[in-house]
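[1] Next one to model:
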Amino acid sequence: MKLSSALVHSLTLCIFMVTLPHAEHLPLWITGLCAMLLLWRVYLTQTNSALPKRWLLFLITLTGVAAIAAHYHTLFGREVGVTLLMLLAVLKLLELRAQRDAMGLIYLACFVIITNFFYSQSIPTALFMCATLLVIVPTWLRIQAPSLNLKPQARIAGTLLLQALPLMLLLFILFPRVQGPLWGLPQDAYNSTGLSDSMSPGSLSKLSLSEAVAFRVSYADKAPRRDQMYWRGPVLWNYDGRTWTRGTTGYSNPPRFTDTGQNISYSVILEPHNKRWLYGLDTAATLPNGARMSTDFQLFSAEPVNARIRYEMSSNLSYHANVDESPSQLHRATGIPARLNPRTIELAQSWRSAHSSDQEVVDTALRYFNQQNFSYTLEPPLLGENSVDEFLFGERKGFCEHYASAFVYLMRAAGIPSRVVTGYLGGEFNALGNYYIVRQSDAHAWAEVWLAGQGWVRVDPTAAIAPERVARNLAASLKDNAALPFMARNPPQWMSKLRLNLDAWSNQWNLWVLGYNPERQFALLTRLGMEDVSWQKMARNLMLGLALCIAAYALFMFKHQLQRHRDPVQTTWLKFCARLAKAGLPRAGHEGARDYAERIAQARPAAAASVRDIAARYVSLRYGRMPGTAELIAFKDAVRMFKL
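    Next comes the predicted model:
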């Protein structure tokens, strides 16, 4: 059977909609090739031209696969698999000849929908995929029943999707959850985002241009001040003259805290970043379940954070940490590269000679940053081999990583143990959900110095140059914030409110849909009365629930079919007889309609005419010609208006 032009256009629209969201992830040349092939298919349909020869399609396919292999250097993995699938789905349109091909394309479109969730599970993505289904299902119905018009197709498609909702909810609640995504191969299953375990000039300033959410925080009680919201991430010890790295940090000697105070409890919803570290306020008093703290107070999970997770913890905002730090750690925190940055070393040693205490050297360095015309910028100039010298005595323009790096270098040159700490600072409050949003643009770097009698103390040199960065936000600290994303500046109030509304919806979506992990599933099923939850019990209850849903649906359809095929004339007559029976005049089993009407007429002379009229209408409609709509309506009206 030849496929109609309308059906081919519908199938083309299906493939276009399921592949459209992939345009931003695919290589540009693949996106262009797919667009050209789709337009070619539309042109062939519009002009009623012959489809391309199979050898030509084979040549295009072979060339496309070879180009994809050359681009990715492999034919395995998530990225390559999705790219191949997009190309083959579009090419399938060009060999669309029979109904079997059309059905295969429908199944392929349903499968491609899933791949869109590999990159985004947001509400807009889910809504767009639902809209795509509303195109795919009517197209499938058009294949099965070509005579149906658009309106019946849409109605039946909507009915089918609504009927699937109970099964969908049942599967969502009871199907055993697996932590983390199921797709992807090891080499490209996850994307790494956010902070890394190294820092070089420009790394954080580039990250600050991203408005992506790093995590969201809800405080149990009152939130701390913004200048106390230091979210600790990777701690960097080793410096090669340009890049700071973590080095090796152990867990064997747990950190020691004394004189703790200002304890605050909160929960964090952390976005996946493919690293093992977690974020908490300085410094953790209680750890999330399964987490560990290194000797430099950094939090680590047991596995890389490849899926959104939620954890609860508490922190002490004031503390003394590792007052009796080991000599090996203190020695490690004083190392600097040899024969680099001689002017910086000379400056630090002059401060060391002039002051007797480490605290005085720290204060001198902060005054130096504050009084020597340093500026805070997202676009610092490039630095050479002696980068710290060039920064301190030449350019004097930098971002937080420049100031943290230069400050720690000065402290180490003066013999004071110090290290760089990276993380996030502050957050945007969303009153709609009563939580804070910490974005990648809140990425920050600061320093820690070890002072005798105090232990490790946080020092943020950025506060000496741009105090607004600590007290308010990044946009307020920059003289020229044009480099920032539009929403990171000072957008109109209605835009900010709209963004916070959307984020509040996204947060609920993350909590109750995307965050429905094994722990939440077990907790919900326990509240529903399922004891000793196991995957065997969930599978059994799932099968039972599916059987009940199918049985209920089958019963409903059976009843609907009975009502649909029931004779409306007989149904109306039986209603009339039932009304008379309630009045004490039941119909005998052997009585025909006319005999019954005569008996009622003798018993109730006042209603004789109405009874005889109804009986005559019934006999005419029941045993005469096929009843018309007008006659049937008149019969029903007569029965409805009848009174004894």
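[2] Domain parsing of this protein, as residue ranges.
    5-145, 198-352+403-487, 568-641 (automatic domain parsing).
[3] Select, out of those, the one closest to Leu160.
    domain 5-145 (6.2 Å; Cβ to Cβ). No exception for glycine: its C-beta is placed from N, CA and C like everyone else's.
[4] So what would you say the end-to-end distance of the closest one is?
    15 Å (Cα to Cα, to the nearest Å).
[5] starting at the chain centroid, how far to it?
    24 Å (Cα atoms, centre = their mean, to the nearest Å).
[6] Can you say which of the domains of the chain is packed in most?
    Stretch with highest mean neighbour count among these: domain 198-352+403-487 (a mean of 18; mean count of other Cβ atoms under 10 Å).
[7] My understanding was that Ala69 contacts Thr83; is that so?
    No: contact criterion Cβ atoms under 8 Å: Ala69 and Thr83 do not qualify, at 10.2 Å.
[8] Give me the distance between the nearest residue to Leu75 once chain neighbours are set aside and Thr115.
    Excluding its sequence neighbours, the residue lying closest to Leu75 (Cβ to Cβ, 6 or more residues apart in numbering) is Ala69, at 5.2 Å. Ala69 sits 19 Å away from Thr115, going by Cβ to Cβ, to the nearest Å.
[9] those strands in the stretch 251-400 of the chain, which residues are they?
    Here the stretch 251-400 of the chain has its strands, by DSSP state E, counting those that start in this stretch, at 257-270, 277-278, 280-281, 284-286, 292-293, 299-300, 309-321, 375-376, 397-398.
[10] Please produce JSON lines containing these, extended by mean pLDDT and distance to Leu148.
    Formatted as JSON lines, the strands of the stretch 251-400 of the chain follow (pLDDT from 0 to 100; distance: least, Cβ to Cβ, whole Å):
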{"stretch": "strand 257-270", "mean pLDDT": "88", "distance to Leu148": "46"}
{"stretch": "strand 277-278", "mean pLDDT": "92", "distance to Leu148": "55"}
{"stretch": "strand 280-281", "mean pLDDT": "94", "distance to Leu148": "59"}
{"stretch": "strand 284-286", "mean pLDDT": "89", "distance to Leu148": "62"}
{"stretch": "strand 292-293", "mean pLDDT": "91", "distance to Leu148": "62"}
{"stretch": "strand 299-300", "mean pLDDT": "93", "distance to Leu148": "59"}
{"stretch": "strand 309-321", "mean pLDDT": "89", "distance to Leu148": "47"}
{"stretch": "strand 375-376", "mean pLDDT": "86", "distance to Leu148": "66"}
{"stretch": "strand 397-398", "mean pLDDT": "86", "distance to Leu148": "67"}
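[11] Of the ones you listed, which is nearest Gln440?
    strand 257-270 (12.8 Å).
[12] Report the angle between that closest one and strand 309-321.
    Per axes from the mean of the first three to the mean of the last three Cα atoms, to 10 degrees, the angle that strand 257-270 makes with strand 309-321 is 160 degrees.
[13] mind listing what strand 257-270 pairs with, with the direction of each?
    strand 213-219 (antiparallel), strand 309-321 (antiparallel) (DSSP bridges).
[14] could you dump the longest one to CSV, C-alpha only?
    Extracted C-alpha coordinates of strand 309-321, given in CSV (Å, rounded to 0.1, in the frame of the first residue of the first chain):
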residue,chain,number,x,y,z
ILE,A,309,21.8,13.8,45.5
ARG,A,310,20.3,15.2,48.7
TYR,A,311,22.1,15.2,52.0
GLU,A,312,21.7,16.8,55.4
MET,A,313,24.5,18.0,57.7
SER,A,314,25.5,20.7,60.2
SER,A,315,28.4,23.0,60.4
ASN,A,316,30.2,25.2,63.0
LEU,A,317,30.7,28.7,61.7
SER,A,318,33.3,29.5,64.4
TYR,A,319,36.0,27.1,65.4
HIS,A,320,39.7,26.4,66.1
ALA,A,321,40.9,23.7,63.7
